[in-house]
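Trainee: Provide a 3D model corresponding to the input given below.
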Amino acid sequence: MGDRWHVEVDRGVCIGSAQCVHHAPGAFRLDSGRQSRPLEAEADANEKILAAAEGCPVEAVVITLLGSGEPVFPPEE
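Mentor: Residues are numbered from 1 along each chain as shown. Here you go, the predicted structure:
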């Protein structure tokens, strides 16, 4: 892919399902409150992080392109 992403979790939306950790264990973890957090706010674009965002049942994982802020996931409607 070649792009760099900004990855965040909307903690007001996260329900702690851990689907992000399941899909991308090297990129996300659950904290002591069972809320997801990215291990790094910036990451190279990759399929595992995208699968983690797509697998979140409440779309709490937000991915944007670094620099432009263009949404990667969830896509603009």
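
Trainee: next, count neighbours for residue 66.
Mentor: Neighbourhood size, residue 66 [other Cβ atoms under 10 Å]: 15. (C-beta placed from N, C-alpha, C; glycine too.)

Trainee: for it, give me its contacts.
Mentor: Residue 66 makes contact with 3-6, 42 under the criterion Cβ atoms under 8 Å, 6 or more residues apart in numbering.

Trainee: how about a cut-off of 6 Å?
Mentor: 4, 6 (Cβ atoms under 6 Å, 6 or more residues apart in numbering).

Trainee: local confidence estimate at it?
Mentor: Residue 66 is assigned 97 on the pLDDT scale.

Trainee: and residue 20, by the same measure?
Mentor: pLDDT at residue 20 comes out at 97.

Trainee: hmm, it is touching residue 28, no?
Mentor: Yes: Residue 20 is in contact with residue 28 according to Cβ atoms under 6 Å; the separation is 4.2 Å.

Trainee: who's more crowded, the two?
Mentor: Ranked by neighbour count (other Cβ under 10 Å), residue 20 and residue 28 place residue 20 first, with 28 against 25.

Trainee: tell me the phi and psi of the more buried one?
Mentor: phi -60, psi -40 (degrees, to the nearest 10).
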